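Trainee: from the sequence below, what's the structure:
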Amino acid sequence: MIQEFCDWLAGTALSQAFANAGWFVPTVQSIHILMIGAVIIMLSVLNLRLLRITSSGPSLQALAESYIPWVWTALVILLITGILLTITEPGRELLNYAFRLKMIMVATLVVLTFVFQSAVRKDAGYWTASAGRRLAGSALAIASIVLCICIVAAGRLIAYV
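Mentor: Down below sits the predicted model:
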């Protein structure tokens, strides 16, 4: 069923136009990669603060208020560029297990980011209010960092699997 969808999508005029425009894939991939970098950098700053590895500068809440809207914006741009790349080469993406794994990890990272943001919005000191919350915050930060690394690795594996 997925194969048939990929064949249909690859045969559409839009997919053909994207694939035949020599500038399209490199441009969209460049934007996609820049947004991956932006998300990873902003989440890393938040995660390092959550892990208490960094402590100078703005508070965790101030960082979250500054960075999280940009993280969501970058994720929307990643979604759009990812869809455009998938339209261009549907079989390369949708039939690839590394791509599927990457999408599961991205969804998990989105959930973790939402959990982090929701807690900070409700209570600025949520992640530091108790030993249990500090531990939960550390676990969330470590999971987020590991997911970011694994998402990048899975993204690279798409070309080789």
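
Trainee: for stretch 51-62, which residues meet the burial criterion?
Mentor: Leu51, Leu60 (16 or more other Cβ atoms under 10 Å). From N, CA and C alone the C-beta is placed, and that goes for glycine too.

Trainee: so what touches it?
Mentor: For stretch 51-62, the surrounding residues in contact (Cβ atoms under 8 Å, 6 or more residues apart in numbering) are 45-46, 48-50, 63, 66, 120, 124-125, 127-128, 134, 137-138, 141-142.

Trainee: for this protein, what's the longest helix?
Mentor: Counting residues, the longest helix found in the chain (DSSP state H) is helix 60-88.

Trainee: quick one: mean pLDDT over it.
Mentor: On average, the pLDDT along helix 60-88 is 96.

Trainee: just want the most central residue of the protein.
Mentor: Taking Cα atoms, centre = their mean, the centroid of the chain lies closest to Val106, which sits 5.0 Å from it.

Trainee: could you find the closest non-adjacent residue to it?
Mentor: Ile151 (6.0 Å; Cβ to Cβ, 6 or more residues apart in numbering).

Trainee: buried stuff in the helix or strand where that neighbour lies?
Mentor: Taking DSSP states H and E as the criterion, Ile151 maps to helix 131-157. Buried residues in helix 131-157, counted by 16+ other Cβ under 10 Å: Ala136, Gly137, Leu140, Ala141, Ser144, Ile145, Leu147, Cys148, Ile151, Val152, Ala154, Gly155.

Trainee: closest one of those residues to Ile83?
Mentor: Nearest to Ile83 among the buried residues of helix 131-157 is Gly155, at 15.0 Å by Cβ to Cβ.

Trainee: distance check, the closest residue to that closest one other than its chain neighbours against Leu9.
Mentor: Counting by Cβ to Cβ, 6+ apart, Gly155 lies nearest to Lys102, which is 5.7 Å off, once chain neighbours are set aside. Lys102 sits 19 Å away from Leu9, taking Cβ to Cβ, to the nearest Å as the criterion.

Trainee: repeat that for Leu43.
Mentor: Counting by Cβ to Cβ, the gap from Leu43 to Leu9 is 31 Å.

Trainee: looking at those two, which is more packed in?
Mentor: Leu43 (24 against 17; other Cβ atoms under 10 Å).

Trainee: quick revisit: go through the buried residues of helix 131-157 and name the one nearest Ile33.
Mentor: Gly155 (8.9 Å).

Trainee: my read: that closest one touches Met103, true?
Mentor: No - the criterion here is Cβ atoms under 8 Å, and Gly155 misses it with Met103 at 10.3 Å.
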